Every structure is written in structure tokens, then in C-alpha cells.
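Enquirer: need a 3D model of the sequence below.
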Amino acid sequence: MVWGFLAALAIAFVLIGLFIASIYNRLVALRNRYENAFSQIEVQLKRRYDLIPNLVETVKGYMKHERETLEAVINARNQAVSGLQQAAADPSNAAAMQALAGAEQGLTGALGRLFALSESYPDLKANQNMAQLTEEITSTENKVAFARQAYNDAATTFNTYRESFPPVAVAGIFGFNDEAQLLEFDSAAIADAPKVSF
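Expert: Below is the predicted model of the structure:
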């Protein structure tokens with residue numbers, strides 16, 4: 001009788017341990033999924049940031065009197081690069097994600113002003129490099145939007161699972177205390193690719 005009770009108790013502990021392990025493994029998998037989704041955003045944003053100096057160099061020869069606009073684009077790009085580095089280090093850091101969103105909004109605004117000014121320069125509009133860079137930036141903006149949506153979906157799935165019961169009890173024990181931060185832009189304009197016509 002005592003051995004039966006001890007065997008039942010041991011089986012119960014094993015089952016509880018397996019249950020806790022399955023919750024832990026699911027939390028790890030979901031965290032890895034949202035971190036991987038953020039890395040896809042990072043890849044596309046880095047591609048975008050790498051295109052901007054080429055765009056500025058192409059435009060510089062035509063827009064000699066627009067130095068202030070060109071400097072604003074470069075400064076906004078540098079702020080966005082810094083914001084991305086901070087957010088990539090910890091996607092659960094709300095301040096870093098908000099800083100990235102703000103920097104992206106500033107960069108999109110600066111690029112929008114640059115593209116609007118470029119309309120005044122017919123030779124620039126006809127430049128093949130400008131057309132190609134504009135197309136690549138627009139394509140990258142679309143990829144950023146898709147990657148951002150995938151990231152937000154993965155972050156929401158992680159947060160929902162982490163906050164539900166019984167995972168909420170296990171999450172605290174194993175250090176899953178921080179929720180994944182959504183990457184949201186303040187302006188609807190930044191969520192869409194810039195519209196540029198040549």
C-alpha cells in the first residue's frame with residue numbers, strides 16, 4: 001500500500017514536471033520566433049539604410065542648393081541606425097522600440113521631402129540610378145511592412161501565451177517576465193511605402 005502511494009506520487013511529480021517542461025519549451029519557442037521575426041525587420045532596415053547613402057550621392061550632383069535636405073536625410077538615417085541597434089539588442093525594451101519607431105518616422109519624413117524636392121529636377125528624374133534606387137527603397141519599404149506585421153503577430157502570440165493560465169505561473173519562475181513589444185509607428189505614412197513617381 002505504501003509502495004503504491006509512493007509510486008503514484010512519483011508518477012504525479014513526473015507528469016507535473018513534464019507539464020512544466022512543455023510550458024517552458026513553448027515559451028522558449030515563442031520567444032525565439034518573435035526574436036527571429038525582429039531579425040527579419042533588422043535585415044530589411046539595414047538594407048534600406050545602406051541604400052540611403054547611394055541615394056544621397058546620386059541626388060547630390062543635381063541638388064546642389066538643397067544641402068540642408070540632404071543633411072537631414074543623413075542625420076535621420078544615422079538616428080534610425082542607432083535606434084535599430086538598441087531595439088535589436090532587446091525587442092522587449094519598450095523605450096528602444098518607441099525610439100526606433102520615432103527614428104523611422106523621422107527618416108521617412110526626410111526621405112519624403114527629398115523625393116518631393118527631386119520632382120523639381122527633370123535631369124534627376126530621368127537619371128537611371130535614381131529610378132533604380134527609388135524602386136529598391138520602395139521594395140524594401142514593402143518588405144519592412146511585411147516583416148513588421150510578422151513580428152507583431154509573433155510578439156502577440158508570445159504575449160498571449162505568456163499571460164494565459166497556467167503558463168503565467170511558469171513564465172515568472174523561469175524569467176519570462178518581459179512582454180514582447182510591438183513595433184508600431186505613430187504615423188500611418190510610415191507604415192506604407194513612400195509614393196514616388198518619375
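
Enquirer: switch to C-alpha atoms for all contacts and neighbour counts from now on
Expert: Fine.

Enquirer: low-confidence ranges in the chain?
Expert: By pLDDT under 70, the low-scoring segments of the chain are 186-198.

Enquirer: list the contacts of Arg77.
Expert: Residues counted as contacts of Arg77 (CA atoms under 8 Å, 6 or more residues apart in numbering) are 49, 52, 107.

Enquirer: restricted to helices, list those residues.
Expert: Judged by DSSP state H, the subset of the contacts of Arg77 located in helices is 49, 52, 107.

Enquirer: where does Phe165 land in three-state SS?
Expert: Recorded secondary structure, Phe165: coil (DSSP: H, G, I helix; E, B strand; the rest coil).

Enquirer: separation between it and Gln98?
Expert: 29 Å (CA to CA, to the nearest Å).

Enquirer: report the central residue of the protein.
Expert: Among the residues of the chain, the one closest to the centroid is Ile41, at 4.2 Å (CA atoms, centre = their mean).

Enquirer: ok, for that one, nearest residue in space, not its chain neighbours?
Expert: Spatially, and ignoring its direct neighbours in sequence, Ile41 is nearest to Ala147 (5.3 Å; CA to CA, 6 or more residues apart in numbering).

Enquirer: ok, the one you found - contacts?
Expert: 37-38, 40-41.

Enquirer: which pair in these spans the largest distance?
Expert: By the measure CA to CA, Ala37 and Ile41 form the most distant pair in these, at 6.8 Å.

Enquirer: need the overlap of contacts for the two.
Expert: Residues touching both Ala37 and Ile41 (CA under 8 Å, 6+ apart) are 147-148, 151.

Enquirer: helices - which of the residues you listed land there?
Expert: 147-148, 151.

Enquirer: mind putting the residues you listed into JSON lines with distance to Arg33?
Expert: Formatted as JSON lines, those follow (distance: CA to CA, whole Å):
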{"residue": "Ala147", "distance to Arg33": "12"}
{"residue": "Arg148", "distance to Arg33": "13"}
{"residue": "Tyr151", "distance to Arg33": "8"}
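
Enquirer: one step back: how near is the residue nearest to Ile41 to Leu45?
Expert: Separation of Ala147 from Leu45 (CA to CA) stands at 10 Å.

Enquirer: kindly report the same for Arg31.
Expert: If you go by CA to CA, the gap between Arg31 and Leu45 works out to 21 Å.

Enquirer: ramachandran angles for Phe174?
Expert: According to degrees, to the nearest 10, the main-chain angles of Phe174 amount to phi -100, psi 10.

Enquirer: nice, that's everything, thank you.
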